[in-house]
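> can't give you the sequence, but here's the structure:
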C-alpha cells in the first residue's frame, strides 16, 4: 500500500471530493523531493502525516488539516520569505479546482498560513496543525539533533555567526511560550522533551560552544 497516496485520497474524500488528483499528488511529491531540501523534505511530510494519524480524532475537520499538511511546505526556498503564502495559494486553487466549496478552500489556506508561526492560533484545527508541524521539537534527542543539522544544511549560504544568532532567537522564542504546544495531547507527549531539546540546542549555538 502506498501510505502517502492513501492519505492523499482520504484527505480529499474527507472534504467532499471523490478522490485526490494523482497528477497533483505527483507534483507535490516532486516539490517535497527537491534536492535542496534537507529538513523540509519527504521525511518531514511523512513525519507530519504519521503524527496527524495519531491525533486525527481531535480534528474538527480532519480532511482540511490533512490537506494543509500536504501543502504547507509545497514551496520551500530558504532564500525567500513567501513560501507559506505561495503554498497556501496553491492549496486554495487546488481545493477549488476539485469542486470543493470556497469555504473549505479558505480554511485550508488559513491553516497553511498558520505554519508561518507568526501568531498564536486561536482555532482548534489550527492549534492541532501547528502542534503537528512542530512535533519535531519534541522528538527523541537523536532525531532532534539530526533536525538541527538539516536546518543548518538548508541555510548553508548564511555565515555561521549570523546563522547562530538568528537560530538562537528562533529557538528561544519557542522556549518563551509556556506551554510550547497548544493541545493537551502534545503537551503531554512532547512538551518536556521539546524544552530539553531546545535548551540544549540554544547552548550549542553559543559561540563559545565551538563548531
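That came through fine. None of these values were measured; they are calculated from a predicted model.
> Pick out the least confidently modelled helix or strand of the protein, by mean pLDDT.
helix 3-14 (a mean of 90; mean pLDDT, DSSP states H and E).
> State the phi and psi torsions of residue 147.
phi -60, psi -50 (degrees, to the nearest 10).
> what's the answer for the one 3 residues further on, then?
Residue 150 adopts backbone torsions of phi -70, psi -40, taken as degrees, to the nearest 10.
> Could you pull up the contacting residues of it?
The contact partners of residue 150, taken as CB atoms under 8 Å, 6 or more residues apart in numbering, are 38, 39, 41. All C-beta atoms are positioned from the backbone trio N, CA, C, and that covers glycine.
> how does it look with 7 Å?
Residue 150 makes contacts with 38, 39, as judged by CB atoms under 7 Å, 6 or more residues apart in numbering.
> any idea how far residue 160 is from the residue positioned nearest the centre of the chain?
The centroid of the chain falls nearest to residue 133 when counting by CA atoms, centre = their mean (3.4 Å). Distance of residue 133 to residue 160, given as CB to CB, to the nearest Å: 26 Å.
> Any regions of the chain where pLDDT drops low?
For the chain, the stretches with pLDDT under 70 are 1-3, 208-211.
> Tell me where it has helices.
3-14, 22-32, 42-55, 62-71, 83-97, 102-114, 124-133, 141-154, 160-175, 184-189, 191-205 (DSSP state H).
> And these: which comes nearest residue 77?
In terms of CB to CB, the element of those nearest to residue 77 is helix 83-97, at 6.3 Å.
> Please point out which parts of the closest one sit buried.
83, 84, 86, 87, 88, 89, 90, 91, 92, 94, 95 (16 or more other CB atoms under 10 Å).
> For residue 88, see how far away the nearest residue to the second one once chain neighbours are set aside is.
It refers to residue 84. Leaving aside its sequence neighbours, residue 84 sits nearest to residue 116 (CB to CB, 6 or more residues apart in numbering; 4.7 Å). Look at residue 116 and residue 88: by CB to CB, they are 9 Å apart.
> contacting residues around residue 71?
By CB under 7 Å, 6+ apart, the contact list for residue 71 reads 87, 90, 91, 112.
> check contacts around the first one.
Shown in contact with residue 87 (CB under 7 Å, 6+ apart): 71, 72, 73, 74, 75, 112.
> let's go with 6 Å and repeat that
By CB atoms under 6 Å, 6 or more residues apart in numbering, the contact set of residue 87 is 71, 72, 74, 75, 112.
> Give the full set of residues in contact with the residue nearest to it when sequence neighbours are not counted.
Leaving aside its sequence neighbours, residue 87 sits nearest to residue 74 (CB to CB, 6+ apart; 4.3 Å). Contacts here follow CB under 6 Å, 6+ apart; on that basis residue 74 touches 28, 31, 87, 90.
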